[in-house]
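# Please work out how this folds:
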Amino acid sequence: MTPEFSEFSNSQEKITQLPEIVIPDNIRKERKNGIRSLLDNPPHVDCMHVLGRSGTLATTGIYDNAQVIDHYHLPPLFPIEGIGNEVWLEWKNMMREEDLEDEIPEEGIGEFADDGIRQPFMDWVISATSPRVQSTIAQLRSLPRAMRNVALLDDITQSGNVAVGIAPAYYKAAYGTDFQYNPENNRYIFKSNDWIDQIIKATFHRDLPDKRQTELLVELSKGTVDWPGFKQLSANNIHSLDQLAHYCATQYLGQEARNIPPETVYDLIQKYGLNLFRLHEGIKTELRRHTAEIVQEK
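Modelled structure (predicted):
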């Protein structure tokens, strides 16, 4: 049985401070190029929607300075939770539960799909039967009516699932036909889809984090967890850390983790304890410093 955090000794003298956050040079370069591209060529839209978790982390500091916003004519920015592949995964799980797995598009609903392939997912979003979907639609509807010519600001683009399939479904569900959205207006900060993993591995290299450990640290880096039923991470709630550790130790089945003992996750917790909750703000602080450097260079 996997041990719980509460079983470990958590005396102050045994807890280690987190290491200094390290952003690898290649990731710094990618981020610099992504931010410069946004500043040099902002989209001509009413507003941008920055996607929750990875997107908000990647864009830390860009909108901190009102003078920078005005100088580069950046459109207003609104953080939106739920427009991501997590809702695509929820839909796929629902289809499997209803024995409709054969109707799930094997290649997703991105740039290689057509409207017919995307329609079942879009119909599900429009029906808003999922609490997650309902919450995201409510966020979108709460924005000013004059802000409906939109673009996405995110950390990376991959298959186009989000940009071409998920986002339009949400906009149609929230606004009907009263919106403008062109995926070509979207902006992205990174090329590497594992940019957070690379920061984690560079920062915790002495601990040699394996895949399960990396998964734990990546989720803590994002500051929130998007798994259905997971309560908000809270530095005042030791049980939320234990729940996250339990998932990474026993349920995460990435190919690279299959032969790794689950207890390795708890090795990290035993070493760093509640200091792990500081990882999110630590990475944000370093990214904010990096953003300031980029702006000063221009």
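# any idea where the strands of this structure begin and end?
Along the chain, the segments classed as strands by DSSP state E run 47-51, 77-80, 149-154, 180-181, 187-188.
# For those strands, could you give me CSV that also reports distance to Glu297 and mean pLDDT?
For glycine as for every other residue, the C-beta is placed from the backbone atoms N, C-alpha and C. Formatted as CSV, those follow (distance: least, CB to CB, whole Å; pLDDT from 0 to 100):
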stretch, distance to Glu297, mean pLDDT
strand 47-51, 23, 96
strand 77-80, 22, 96
strand 149-154, 21, 97
strand 180-181, 32, 98
strand 187-188, 19, 97
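# Tell me which of those strands lies nearest to Glu101.
Glu101 sits nearest to strand 47-51 of all the strands of the chain, at 27.2 Å, using CB to CB.
# Direction included, what does the closest one pair up with?
Next to strand 47-51 in the sheet, as set by DSSP bridges, lie strand 77-80 (parallel), strand 149-154 (parallel).
# how about the strands of the chain, which one is nearest Leu274?
Judged by CB to CB, the one of the strands of the chain that comes nearest to Leu274 is strand 77-80, at 26.2 Å.
# in that closest one, what's buried?
Across strand 77-80, burial judged by 16 or more other CB atoms under 10 Å covers Phe78, Ile80.
# so how far is that strand from its chain's centroid?
The chain centroid and the centroid of strand 77-80 are separated by 13 Å under CA atoms, centre = their mean, to the nearest Å.
# quick revisit: can you redo the strands paired with strand 47-51 as a markdown table with distance to Lys29?
Output for the strands paired with strand 47-51, formatted as a markdown table (distance: least, CB to CB, whole Å):
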| stretch | distance to Lys29 |
| --- | --- |
| strand 77-80 | 24 |
| strand 149-154 | 19 |
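# Enumerate every residue touching the residue nearest the centre of the chain.
Of all residues in the chain, the one closest to the mean position by CA atoms, centre = their mean is Ser54, 2.8 Å from it. Shown in contact with Ser54 (CB atoms under 8 Å, 6 or more residues apart in numbering): Asp154, Asp155, Ile156, Ile196, Lys222.
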